[in-house]
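# Need the 3D shape of this:
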Amino acid sequence: MTDMGVRGDRVGPAVTLGLLLAWALHDAEELATGPRWISENLPTLRERFPGVPEPVWAAMEAVEPREFAVAVGVMATFVGCAAVAGHRTGGRSGFYQGALDGFGLHGLVHLAQAAAVRGYTPGSVTSPLVVVPFTLWARGRLRKAGVLKPARARDVAMGLAVAAGATAVSHAVARRVVGSR
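The predicted structure is shown next:
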């Protein structure tokens, strides 16, 4: 292996499987802080951002900590499959590259949320320390190996749709698992 994860026209496991590790570190922060932060801050957020539609607040309020934890576990399957697809293809997998881009955009959303509330939000510590740097580093390794696909607007839209769908599926599965106990 040469040059920090690039080997010829392939990238190494730090670039591909590293996505799952970076995601796990980030989601550990969300798991540790998310449910409590939401319950403590929701009244203030509703008051501060009156233009947000009520269904958004209701959805945030309805998520139970166990449901959130199960949803994170289900999402781990999606991210793990993307990382493995990237590893098996030397970084060429569109699924992997889309997940990587989505992960980076997700980190930017956390930073925007923290800026909007002018303080901490779940995920805002690991976003600038792990999510964004890992994404930029991995994309650089993919570019150096010559396997980075150009991100087009439709690819970004598809990535966001897949991420939203994966989140919805994760919470639906979690509701069934938690509800069946």
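# where do the strands sit along the protein?
Secondary structure of the chain (DSSP state E): strands located at 6-7, 10-11.
# With respect to those strands, which exhibits the lowest mean confidence?
Here the lowest mean pLDDT among the strands of the chain goes to strand 6-7, at a mean of 61.
# Tell me which residues touch Ala114, please.
Contacts for Ala114 (Cβ atoms under 8 Å, 6 or more residues apart in numbering) come out as 120-121, 124, 127. Where you see a C-beta, it was placed from the backbone N, CA and C, and this is true even at glycine.
# What ranges does the protein have for its helices?
13-16, 18-48, 54-62, 65-88, 94-117, 126, 132-145, 153-179 (DSSP state H).
# Show me what the shortest one is packed up against.
Under the contact criterion of 3 or more Cβ pairs under 8 Å, 6 or more residues apart in numbering; DSSP states H and E, the helices and strands touching helix 126 comprise helix 18-48.
# is it true that Pro35 touches Pro65?
Yes. Pro35 lies in contact with Pro65 (Cβ atoms under 8 Å); the separation is 4.0 Å.
# neighbour count winner among those two?
More crowded of Pro35 and Pro65, by other Cβ atoms under 10 Å: Pro35, with 18 against 14.
# can you pull the contacts of the more buried one?
Residues counted as contacts of Pro35 (Cβ under 8 Å, 6+ apart) are 63-65, 68.
# out of those residues, what pair is the most spread apart?
Across these, no pair lies farther apart than Val63 and Pro65, at 7.9 Å, counting by Cβ to Cβ.
# Against Ser39, how distant is the spatially most central residue of the chain?
Nearest residue to the geometric centre of the chain (Cα atoms, centre = their mean): Phe103, 4.2 Å. Distance from Phe103 to Ser39, counting by Cβ to Cβ, to the nearest Å: 26 Å.
# same check, this time on Ala164
Distance, Ala164 to Ser39, using Cβ to Cβ: 24 Å.
# sorry, back to before: need the residues touching each of Pro35 and Pro65.
Common neighbours of Pro35 and Pro65 (criterion: Cβ under 8 Å, 6+ apart): none identified.
# Low-confidence stretches in the protein?
1-8, 155-156, 158-159, 179-181 (pLDDT under 70).
# If we use 80, what do you get?
The model of the chain has pLDDT under 80 over residues 1-9, 63, 151-181.
# What number of residues are in the vicinity of the residue nearest to Gly146 when sequence neighbours are not counted?
Counting by Cβ to Cβ, 6 or more residues apart in numbering, Gly146 lies nearest to Asp9, which is 5.3 Å off, once chain neighbours are set aside. The local packing count at Asp9 equals 12, with neighbours defined by other Cβ under 10 Å.
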